[in-house]
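**Q** I would like the atomic coordinates for the input below:
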Amino acid sequence: MIQMEEKEDIAPLCPHCETEIRRVWFQRIPGIAGKRYLYYCASCRKTLGVSPTFNEVVHASAPSFEWTAIPDAVSYTLQVDKNITFRSADKHEYDVVGTNTYTLPDALYDGAWVWRVAAVDAAGNISLWSQIRFVTVDTSP
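**A** Residues are numbered from 1 along each chain as shown. Next up, the predicted model:
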């Protein structure tokens, strides 16, 4: 079992420039999919962002997802589900090759959803799952 430990006394490193992340900049990206944000390192200005943001409400039944690119990743596995265990009949799983963004080809019905992503390298090694994120689909006018 992997032990989890909260650390408030260190700063994470940017995966691009490897400097400590003390500040993150963001820009709102307009579009029909609801509020979307681009997050990036204040030092090197490269993308760090995850979108939809935590608990974001999106107004598209097939939302777009974006996550932090992992060096050496050749693909990612994206899972979206109604249940935090990712074992329900509503689970959707997608292989995403060559990019850290993905627009779902399938419509999700309105309500709360959870999502996570794992990176896969050229040798087929799979990373741990990302933090679970929440998104709400609301297609009502």
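
**Q** can you tell me what sits against the lengthiest strand in the chain?
**A** Under DSSP state E, the strand in the chain containing the largest number of residues is strand 111-121. Outside strand 111-121, the residues that touch it by Cβ atoms under 8 Å, 6 or more residues apart in numbering are 65, 67, 70, 72-84, 86, 96, 126-137. Placement of C-beta: from N, CA and C, glycine included.

**Q** cool, stretch 10-25 as well?
**A** Contacts of stretch 10-25 (Cβ under 8 Å, 6+ apart): 39-46, 48, 68-71.

**Q** which residue is nearest the centroid of the chain?
**A** residue 67 (3.6 Å; Cα atoms, centre = their mean).

**Q** run through the residues that contact it.
**A** If a contact means Cβ under 8 Å, 6+ apart, then residue 67 has 50, 76, 100-101, 117, 130 as its contacts.

**Q** report the two of those residues separated the most.
**A** 101 and 130 (14.2 Å; Cβ to Cβ).

**Q** quick check: residue 127 touching residue 72?
**A** No: assessed by Cβ atoms under 8 Å, residue 127 is found out of contact with residue 72, at 9.9 Å.

**Q** and the residue nearest to the centre of the chain, how far is that from residue 8?
**A** As judged by Cβ to Cβ, to the nearest Å, residue 67 and residue 8 stand 24 Å apart.

**Q** got it, and residue 64?
**A** 32 Å.

**Q** what about these two, which has more around it?
**A** residue 64 (17 against 5; other Cβ atoms under 10 Å).

**Q** what's the neighbour count on the closest residue to residue 131 other than its chain neighbours?
**A** Closest residue in space to residue 131, ignoring its immediate chain neighbours: residue 116 at 7.2 Å, by Cβ to Cβ, 6 or more residues apart in numbering. Using other Cβ under 10 Å, residue 116 has 18 other residues around it.

**Q** would you mark the buried spots in the longest strand of the chain?
**A** Buried positions in strand 111-121, judged by neighbour count with 16 or more other Cβ atoms under 10 Å: 113-120.

**Q** show me what the helix or strand harbouring residue 65 is packed up against.
**A** Assigned by DSSP states H and E, residue 65 belongs to strand 64-66. Strand 64-66 sits against strand 101-103, with contacts defined as 3 or more Cβ pairs under 8 Å, 6 or more residues apart in numbering; DSSP states H and E.
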